[in-house]
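Chemist: Prediction below, plus the sequence it came from.
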Amino acid sequence: MNMGKYFIKGGERLSGSVRVSGSKNAALPILCATLLSSQKSVISNVPDIADIKSLINILEQIGCKIVFEKNTVTVDPANIKYKPLSQDKVCRMRASILLIGPLLARLKRVKMSFPGGCILGKRPIDTHVEAFKQLGAQILDDKQNIHIKTKGLKGADIVMKEISVTATENVVMAAVLAEGETKVNLAAAEPHVQDLCKFLNKMGASISGIGTHELTIRGVKSLKGCEYKVTGDYLEAGTLAIAAALTNGEVEIKGINPGHLHSFWQKLEETGVGFTMGKSGVKIHPHKKLKAVRKLKTAVYPSFPTDLQAPFAVLLTQAKGVSKIHETLFEGRLNYLFELEKMGAKFEILNPHQAIILGPVKLRGVPISSWDIRAGAAMILAALAAKGTTEISNIEFIDRGYENIEHKLKKLGAKIERK
Ligand code: EPU
């Protein structure tokens, strides 16, 4: 992992054009799903980031042959073997949990330690476990480790305990090779869930209802390997759009489906930021004054994404008036505000899910730290808007989710160095 600190001198107006990388949260399940076939798959537009490298490492340990070159991953899963995955392998990221569905479907057995990842409050796995049970899996342990077995998965009519991204992805990956039909009610519909489903269909699966909260999966006997291009990262696009707005810049962001961010564009418009949408990109225009938003409420897709809550809050520190934030998914996702406070942000935390932000304030460069992937991105954004130099530590969190972010920002005119 590339440790170090960022030193960012704020106040530079960003301009130019930038292409976003492939989506981390789509690439991770897609790489796991390659295990469902014994044939080779070639996945392009994979971001070269720490989380992908951690996953590739685990896939190699269970017997996959992998080549990762120029954002393309070739996975040959012909000879994978059952192997318990210990703490040291899965501790780096929550997404290791995505191995359960495909391993259960292909090898009928999986044992792993509890996955690590960002501290975002309680992140239980009950929704995953319940769904596997309904497909006929036997849960041998879900307290000390995760240990699940099956004699053969069978399609079922499942109502998910909660709308969860990775639990939906897991149950879909398990169900594509199950006997008979599975219905997943209360499925997550995020663009990365959709991308995984499209990949599985390209492998020969039969999934319908993609993009809705009700998926129907007709089980098939086997899947083939295939070539697939991962969708652009709408979360990175949103982050770069905020960077442009914070510096009052003019930036074209390419390589995404702007339709993935409808509620984000709505909120951006409410702040007074203008933009032009194209088919595969968006151009952010300079604005006059930033206005507070009445309420920024995160929720499952297509509502405002929780992963853009912290970045957007930085923009709200520069907006005139009182903005309310309501984070409905995670209770640990307002902690970054205490870092922003060191830079001069004014806010009040109402409860673990709600805060108000008072703006505008002048942010100043001080040493700060990143808390998780998206809070890390928020720190970079705050630094771009601040007076003076901001030193950001713990940037390994940022490396987990953003490919070459400093190069992209530098190309747009930011003064950012990694030391
Ligand atoms: N939940 C349960 N039980 C479960 C699973 C989830 O109660 O078994 C709850 C969680 O506590 C939370 C809610 O369901 O309140 C939603 O969590 P979800 O399961 O959807 O989150 P996740 O699947 O663990 C994915 C992303 C996160 C993103 C969330 C929400 C991946 C690999 N991770 O996590 O991304 O914040 O969905 O959209 O797709 C990130 O990229 O920085 C990141 C944290």
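Modeler: Nice, thanks for sending it over. Numbering: from 1, shown residues only.
Chemist: where along this protein do the helices fall?
Modeler: 24-33, 50-61, 87-90, 100-107, 126-134, 165-175, 191-203, 234-246, 262-270, 309-316, 336-342, 373-385, 396-401, 405-411 (DSSP state H).
Chemist: Counting by contacts, list what the fourth one packs against.
Modeler: Think helix 100-107. Applying 3 or more Cβ pairs under 8 Å, 6 or more residues apart in numbering; DSSP states H and E, we find helix 100-107 packed against helix 24-33, strand 109-112, helix 126-134, strand 146-149, helix 165-175. All C-beta spots, glycine's among them, are computed from the backbone N, C-alpha and C.
Chemist: The third one and the ligand in contact?
Modeler: Spelled out, it's helix 126-134. Yes. Judged by Cβ under 6 Å from any ligand atom, helix 126-134 and the ligand are in contact via 126-128.
Chemist: sorry, back to before: would you turn the helices of the chain into a markdown table with mean neighbour count and mean pLDDT?
Modeler: A markdown table is the format used below for the helices of the chain (neighbours: other Cβ atoms under 10 Å; pLDDT from 0 to 100):
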| stretch | mean neighbour count | mean pLDDT |
| --- | --- | --- |
| helix 24-33 | 28 | 98 |
| helix 50-61 | 19 | 94 |
| helix 87-90 | 16 | 78 |
| helix 100-107 | 25 | 97 |
| helix 126-134 | 20 | 96 |
| helix 165-175 | 28 | 98 |
| helix 191-203 | 23 | 98 |
| helix 234-246 | 27 | 98 |
| helix 262-270 | 17 | 98 |
| helix 309-316 | 28 | 98 |
| helix 336-342 | 19 | 97 |
| helix 373-385 | 27 | 97 |
| helix 396-401 | 22 | 92 |
| helix 405-411 | 18 | 97 |
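Chemist: would TSV of these with distance to Ser222 be doable?
Modeler: Below are the helices of the chain laid out as TSV (distance: least, Cβ to Cβ, whole Å):
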stretch	distance to Ser222
helix 24-33	14
helix 50-61	20
helix 87-90	27
helix 100-107	10
helix 126-134	21
helix 165-175	14
helix 191-203	9
helix 234-246	32
helix 262-270	37
helix 309-316	41
helix 336-342	45
helix 373-385	36
helix 396-401	34
helix 405-411	40
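Chemist: which one of the ones you listed lies closest to Ile158?
Modeler: Nearest of those to Ile158, taken as Cβ to Cβ: helix 126-134 at 4.9 Å.
Chemist: What parts of the stretch 201-350 of the chain come near the ligand?
Modeler: So the stretch 201-350 of the chain meets the ligand at 306-307, 329-330 (Cβ under 6 Å from any ligand atom).
Chemist: show me what contacts Thr247?
Modeler: With contact set as Cβ atoms under 8 Å, 6 or more residues apart in numbering, Thr247 has these partners: 11-14, 384-385, 414.
Chemist: oh, I was asking about Leu186
Modeler: 159-160, 162-163, 213.
Chemist: Name the nearest residue to the residue of the stretch 251-400 of the chain found nearest the ligand, ignoring sequence neighbours.
Modeler: The ligand sits closest to Ile373 of the stretch 251-400 of the chain, with a gap of 3.9 Å, by Cβ to the nearest ligand atom. Closest residue in space to Ile373, ignoring its immediate chain neighbours: Gly401 at 3.8 Å, by Cβ to Cβ, 6 or more residues apart in numbering.
Chemist: on that earlier part again, the contacts of Leu186: which two are farthest apart?
Modeler: Glu162 and His213 (11.9 Å).
Chemist: Can you add neighbour count and distance to Met3 and give the residues of the stretch 201-350 of the chain next to the ligand back as CSV?
Modeler: Shown next, in CSV, are these (neighbours: other Cβ atoms under 10 Å; distance: Cβ to Cβ, whole Å):
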residue, neighbour count, distance to Met3
Thr306, 19, 27
Asp307, 24, 23
Leu329, 20, 29
Phe330, 20, 26
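Chemist: Out of the residues you listed, which is nearest to Thr276?
Modeler: Asp307 (24.0 Å).
Chemist: Now Lys161: closest residue in space that isn't a chain neighbour?
Modeler: In space, Lys161 is closest to Thr127, 4.5 Å off (Cβ to Cβ, 6+ apart).
Chemist: Going by neighbour count, which of the contacts of Thr247 comes out on top?
Modeler: Leu384 (28 neighbours; other Cβ atoms under 10 Å).
Chemist: can you pull the contacts of it?
Modeler: Contacts of Leu384 (Cβ under 8 Å, 6+ apart): 8, 10, 12, 14, 243, 246-247, 409, 414.
Chemist: quick check, nearest of those residues to Asn71?
Modeler: Comparing those against Asn71 with Cβ to Cβ places Leu409 closest, at 19.1 Å.
Chemist: so who does the closest residue to that closest one other than its chain neighbours touch?
Modeler: Closest residue to Leu409 apart from its sequence neighbours, by Cβ to Cβ, 6+ apart: Ile416 at 5.2 Å. With contacts defined as Cβ under 8 Å, 6+ apart, Ile416 is in contact with 6-9, 380, 383, 406, 409-410.
Chemist: and if we set it to 7 Å?
Modeler: For Ile416, the contact set (Cβ atoms under 7 Å, 6 or more residues apart in numbering) comprises 6, 8, 406, 409-410.
Chemist: Brilliant, that's me finished.
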